[in-house]
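**Student:** Return a 3D structure for these sequence lines:
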Amino acid sequence: MPVDPWKNLDGFIDAVSLVTQEKHFKRSLQTLTHSLGYELYAYINISFKSSFALSNYPKEWQVRYLQKSYQSIDPVIEIARRTMAPYTWSLEDRQFRLKNRRGFAREANEFGICSGTTIAIPAGFGHTSFLTFASNDTSFASNARLDHVPAITAATFTHAFITLRRPRASASGIVRLAPQEAICLRWAAEGKSMRDAATVLGIKYSSARSYLDNARDKLGAVSLIQAVAIATRLNLI
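**Tutor:** Numbers count the residues shown, from 1 in each chain. Modelled structure (predicted):
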(Lines give C-alpha, C1' and ligand atoms only; values in the text may rest on other atoms or scores of the structure.)
Protein backbone atom coordinates (compact mmCIF):
# COMPACT_ATOMS: atom_id res chain seq x y z
CA MET A 1 0.00 0.00 0.00
CA PRO A 2 1.47 3.39 -0.98
CA VAL A 3 2.40 5.77 1.83
CA ASP A 4 -0.05 8.64 2.26
CA PRO A 5 1.95 11.87 1.86
CA TRP A 6 -0.74 13.75 3.80
CA LYS A 7 -0.53 11.44 6.83
CA ASN A 8 0.70 14.31 9.02
CA LEU A 9 -2.09 16.70 8.05
CA ASP A 10 -4.18 15.88 11.15
CA GLY A 11 -1.16 16.60 13.35
CA PHE A 12 -0.66 19.92 11.58
CA ILE A 13 -4.32 20.89 12.11
CA ASP A 14 -4.08 19.95 15.79
CA ALA A 15 -0.93 22.04 16.15
CA VAL A 16 -2.45 25.08 14.44
CA SER A 17 -5.48 24.80 16.72
CA LEU A 18 -3.39 24.71 19.90
CA VAL A 19 -0.08 26.50 19.44
CA THR A 20 0.31 30.15 20.32
CA GLN A 21 4.00 30.60 19.60
CA GLU A 22 5.29 31.30 16.12
CA LYS A 23 8.23 28.89 16.41
CA HIS A 24 5.91 25.96 17.16
CA PHE A 25 3.71 26.79 14.18
CA LYS A 26 6.74 26.96 11.88
CA ARG A 27 7.96 23.63 13.20
CA SER A 28 4.58 22.00 12.47
CA LEU A 29 4.47 23.49 8.97
CA GLN A 30 8.02 22.31 8.34
CA THR A 31 7.07 18.78 9.45
CA LEU A 32 4.12 18.76 7.05
CA THR A 33 6.33 20.07 4.26
CA HIS A 34 8.85 17.28 4.75
CA SER A 35 6.14 14.62 4.96
CA LEU A 36 5.00 15.71 1.49
CA GLY A 37 8.54 15.26 0.20
CA TYR A 38 9.30 18.98 -0.17
CA GLU A 39 12.05 20.97 1.49
CA LEU A 40 10.61 24.48 1.43
CA TYR A 41 7.37 26.27 2.19
CA ALA A 42 6.19 29.82 1.59
CA TYR A 43 3.04 31.68 2.59
CA ILE A 44 2.57 35.05 0.90
CA ASN A 45 -0.25 37.57 1.13
CA ILE A 46 -0.32 40.07 -1.72
CA SER A 47 -2.17 43.36 -1.86
CA PHE A 48 -1.78 46.46 -4.04
CA LYS A 49 1.24 48.08 -2.39
CA SER A 50 2.29 45.65 0.31
CA SER A 51 3.14 42.00 0.65
CA PHE A 52 3.67 39.74 3.65
CA ALA A 53 5.61 36.49 3.61
CA LEU A 54 6.25 33.70 6.12
CA SER A 55 8.66 31.19 4.66
CA ASN A 56 11.78 29.08 5.09
CA TYR A 57 12.99 30.04 1.61
CA PRO A 58 16.50 31.53 1.64
CA LYS A 59 16.23 34.98 3.18
CA GLU A 60 18.02 36.65 0.26
CA TRP A 61 15.48 35.23 -2.19
CA GLN A 62 12.52 36.33 -0.06
CA VAL A 63 13.77 39.90 0.13
CA ARG A 64 14.68 40.00 -3.57
CA TYR A 65 11.31 38.53 -4.61
CA LEU A 66 9.33 41.21 -2.78
CA GLN A 67 11.63 44.17 -3.38
CA LYS A 68 11.72 43.48 -7.11
CA SER A 69 7.96 42.80 -7.19
CA TYR A 70 8.52 39.41 -8.78
CA GLN A 71 4.94 38.50 -7.88
CA SER A 72 3.92 40.62 -10.88
CA ILE A 73 5.73 38.27 -13.31
CA ASP A 74 5.64 34.98 -11.39
CA PRO A 75 3.54 32.61 -13.55
CA VAL A 76 2.74 30.47 -10.50
CA ILE A 77 0.98 33.40 -8.83
CA GLU A 78 -0.79 34.31 -12.07
CA ILE A 79 -2.11 30.81 -12.76
CA ALA A 80 -2.98 29.95 -9.16
CA ARG A 81 -4.90 33.22 -8.78
CA ARG A 82 -6.76 32.67 -12.06
CA THR A 83 -7.74 29.06 -11.38
CA MET A 84 -8.06 29.28 -7.57
CA ALA A 85 -7.15 25.59 -7.44
CA PRO A 86 -4.01 23.75 -6.24
CA TYR A 87 -1.48 24.05 -9.03
CA THR A 88 1.64 21.95 -9.66
CA TRP A 89 4.53 23.63 -11.49
CA SER A 90 8.14 23.21 -12.56
CA LEU A 91 10.78 25.60 -13.87
CA GLU A 92 10.83 23.36 -16.93
CA ASP A 93 7.27 24.46 -17.78
CA ARG A 94 6.81 26.60 -20.89
CA GLN A 95 5.60 29.66 -19.01
CA PHE A 96 8.98 29.98 -17.27
CA ARG A 97 10.78 30.06 -20.61
CA LEU A 98 9.10 33.22 -21.85
CA LYS A 99 11.55 36.05 -22.44
CA ASN A 100 10.40 38.27 -19.56
CA ARG A 101 10.57 35.35 -17.10
CA ARG A 102 13.86 33.67 -17.97
CA GLY A 103 15.88 35.76 -15.53
CA PHE A 104 13.34 35.16 -12.78
CA ALA A 105 13.41 31.40 -13.41
CA ARG A 106 17.21 31.36 -13.45
CA GLU A 107 17.38 33.12 -10.08
CA ALA A 108 14.76 30.82 -8.54
CA ASN A 109 16.79 27.82 -9.70
CA GLU A 110 19.92 29.26 -8.07
CA PHE A 111 18.10 29.31 -4.74
CA GLY A 112 16.82 25.73 -5.11
CA ILE A 113 13.21 26.60 -5.89
CA CYS A 114 12.64 24.37 -8.91
CA SER A 115 9.19 22.80 -8.67
CA GLY A 116 6.27 22.81 -6.32
CA THR A 117 2.60 22.97 -5.51
CA THR A 118 0.87 26.30 -4.92
CA ILE A 119 -2.57 26.78 -3.40
CA ALA A 120 -4.42 30.11 -3.67
CA ILE A 121 -6.66 31.20 -0.80
CA PRO A 122 -9.24 34.00 -0.96
CA ALA A 123 -8.10 36.25 1.89
CA GLY A 124 -10.96 38.75 1.95
CA PHE A 125 -11.11 42.45 1.15
CA GLY A 126 -9.63 41.97 -2.31
CA HIS A 127 -6.54 40.09 -1.10
CA THR A 128 -5.30 36.68 -2.16
CA SER A 129 -2.90 34.51 -0.18
CA PHE A 130 -0.80 31.64 -1.49
CA LEU A 131 0.79 28.63 0.18
CA THR A 132 3.57 26.93 -1.75
CA PHE A 133 5.49 23.73 -1.07
CA ALA A 134 8.70 23.68 -3.12
CA SER A 135 11.48 21.28 -4.09
CA ASN A 136 14.97 21.67 -5.52
CA ASP A 137 14.13 18.85 -7.98
CA THR A 138 12.50 20.15 -11.18
CA SER A 139 10.68 16.86 -11.72
CA PHE A 140 9.53 16.17 -8.14
CA ALA A 141 6.23 18.09 -8.10
CA SER A 142 4.98 16.58 -11.37
CA ASN A 143 5.47 13.09 -9.92
CA ALA A 144 4.03 13.93 -6.50
CA ARG A 145 0.51 13.06 -5.50
CA LEU A 146 -1.70 16.15 -5.55
CA ASP A 147 -4.89 15.82 -3.51
CA HIS A 148 -6.92 19.02 -3.68
CA VAL A 149 -8.89 18.63 -0.44
CA PRO A 150 -5.94 18.20 1.96
CA ALA A 151 -3.93 20.82 0.04
CA ILE A 152 -6.71 23.40 0.39
CA THR A 153 -7.18 22.40 4.04
CA ALA A 154 -3.49 22.95 4.82
CA ALA A 155 -3.51 26.32 3.07
CA THR A 156 -6.69 27.44 4.83
CA PHE A 157 -5.41 26.54 8.29
CA THR A 158 -2.11 28.28 7.55
CA HIS A 159 -3.92 31.43 6.47
CA ALA A 160 -6.18 31.30 9.53
CA PHE A 161 -3.25 31.00 11.93
CA ILE A 162 -1.35 33.85 10.33
CA THR A 163 -4.43 36.08 10.20
CA LEU A 164 -5.34 35.49 13.85
CA ARG A 165 -1.89 35.21 15.45
CA ARG A 166 -0.09 37.76 13.26
CA PRO A 167 3.43 36.25 13.45
CA ARG A 168 6.36 38.40 12.43
CA ALA A 169 6.99 38.32 8.68
CA SER A 170 10.11 36.56 7.42
CA ALA A 171 10.01 39.17 4.63
CA SER A 172 7.74 42.01 3.65
CA GLY A 173 7.27 44.22 0.65
CA ILE A 174 9.17 47.40 -0.09
CA VAL A 175 7.03 49.60 2.18
CA ARG A 176 9.30 51.60 4.46
CA LEU A 177 7.95 54.18 6.88
CA ALA A 178 10.10 57.07 8.06
CA PRO A 179 10.42 57.19 11.89
CA GLN A 180 8.06 60.17 12.26
CA GLU A 181 5.52 58.54 9.92
CA ALA A 182 5.56 55.34 11.98
CA ILE A 183 5.29 57.25 15.27
CA CYS A 184 2.33 59.34 14.10
CA LEU A 185 0.64 56.23 12.74
CA ARG A 186 1.19 54.42 16.05
CA TRP A 187 -0.42 57.30 17.94
CA ALA A 188 -3.34 57.08 15.52
CA ALA A 189 -3.56 53.36 16.33
CA GLU A 190 -3.76 54.34 20.01
CA GLY A 191 -6.78 56.52 19.26
CA LYS A 192 -5.08 59.91 19.12
CA SER A 193 -6.26 62.52 16.64
CA MET A 194 -3.77 64.28 14.36
CA ARG A 195 -3.90 67.32 16.64
CA ASP A 196 -3.33 65.20 19.76
CA ALA A 197 -0.38 63.43 18.10
CA ALA A 198 1.12 66.77 17.10
CA THR A 199 0.86 68.00 20.69
CA VAL A 200 2.43 64.84 22.14
CA LEU A 201 5.30 64.97 19.64
CA GLY A 202 5.79 68.71 19.91
CA ILE A 203 5.34 69.31 16.19
CA LYS A 204 2.95 71.39 14.11
CA TYR A 205 -0.47 70.00 13.22
CA SER A 206 0.39 70.41 9.53
CA SER A 207 3.51 68.28 10.05
CA ALA A 208 1.56 65.49 11.75
CA ARG A 209 -0.99 65.54 8.94
CA SER A 210 1.79 65.40 6.34
CA TYR A 211 3.45 62.43 8.05
CA LEU A 212 0.15 60.53 8.19
CA ASP A 213 -0.69 61.38 4.59
CA ASN A 214 2.72 60.09 3.49
CA ALA A 215 2.28 56.88 5.49
CA ARG A 216 -1.19 56.31 4.03
CA ASP A 217 0.13 56.79 0.50
CA LYS A 218 3.08 54.43 1.02
CA LEU A 219 0.76 51.74 2.35
CA GLY A 220 -1.73 52.15 -0.49
CA ALA A 221 -4.50 52.88 2.02
CA VAL A 222 -7.56 55.00 1.31
CA SER A 223 -8.16 55.89 4.96
CA LEU A 224 -6.24 56.28 8.19
CA ILE A 225 -8.01 53.25 9.65
CA GLN A 226 -6.88 51.09 6.73
CA ALA A 227 -3.33 52.47 6.99
CA VAL A 228 -3.19 51.49 10.67
CA ALA A 229 -4.49 47.99 9.85
CA ILE A 230 -1.94 47.43 7.07
CA ALA A 231 0.96 48.81 9.12
CA THR A 232 -0.01 46.57 12.04
CA ARG A 233 -0.20 43.49 9.81
CA LEU A 234 3.23 44.26 8.38
CA ASN A 235 4.68 44.90 11.85
CA LEU A 236 5.64 48.45 10.87
CA ILE A 237 4.21 50.01 14.04
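**Student:** And Ala171, what's its pLDDT?
**Tutor:** We have a pLDDT of 62 for Ala171.
**Student:** Not counting the lengthiest helix in the chain itself, show me its contacts.
**Tutor:** Using DSSP state H to define each element, the chain has its longest helix at helix 148-165. Contacts to helix 148-165, defined as C-beta atoms under 8 Å, 6 or more residues apart in numbering, come from residues 6, 9, 12-13, 16, 20, 22, 25, 29, 32, 43, 45, 52, 54, 85-86, 117, 119-121, 123, 129-131, 167. Any C-beta I mention is one placed from the backbone N, CA and C, and that applies to glycine too.
**Student:** and what of stretch 181-191?
**Tutor:** Stretch 181-191 is contacted by residues 177, 194, 196-197, 200-201, 208, 211-212, 214-215, 218, 224, 227-228, 231-232, 236-237 when judged by C-beta under 8 Å, 6+ apart.
**Student:** what about the helices in this protein?
**Tutor:** So, for the chain - with DSSP H - the helices run 9-18, 22-35, 59-67, 75-83, 102-110, 140-143, 148-165, 179-189, 194-201, 205-219, 224-233.
**Student:** what angle sits between the last one and helix 179-189?
**Tutor:** When axes from the mean of the first three to the mean of the last three C-alpha atoms, to 10 degrees is applied, the directions of helix 224-233 and helix 179-189 differ by 110 degrees.
**Student:** centre of the chain versus helix 224-233, how much separation?
**Tutor:** Counting by C-alpha atoms, centre = their mean, to the nearest Å, helix 224-233 is centred 17 Å from the centre of its parent chain.
**Student:** returning to what we had before: turn the helices of the chain into CSV, columns for mean neighbour count and mean pLDDT.
**Tutor:** Output for those, formatted as CSV (neighbours: other C-beta atoms under 10 Å; pLDDT from 0 to 100):
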stretch, mean neighbour count, mean pLDDT
helix 9-18, 16, 87
helix 22-35, 17, 90
helix 59-67, 17, 85
helix 75-83, 17, 92
helix 102-110, 15, 95
helix 140-143, 17, 79
helix 148-165, 18, 90
helix 179-189, 20, 91
helix 194-201, 16, 89
helix 205-219, 19, 88
helix 224-233, 19, 83
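**Student:** export those to a markdown table and tack on distance to Ser90?
**Tutor:** Formatted as a markdown table, those follow (distance: least, C-beta to C-beta, whole Å):
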| stretch | distance to Ser90 |
| --- | --- |
| helix 9-18 | 24 |
| helix 22-35 | 18 |
| helix 59-67 | 17 |
| helix 75-83 | 10 |
| helix 102-110 | 10 |
| helix 140-143 | 6 |
| helix 148-165 | 17 |
| helix 179-189 | 41 |
| helix 194-201 | 51 |
| helix 205-219 | 35 |
| helix 224-233 | 32 |
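**Student:** which one of these lies closest to Arg94?
**Tutor:** helix 75-83 (9.2 Å; C-beta to C-beta).
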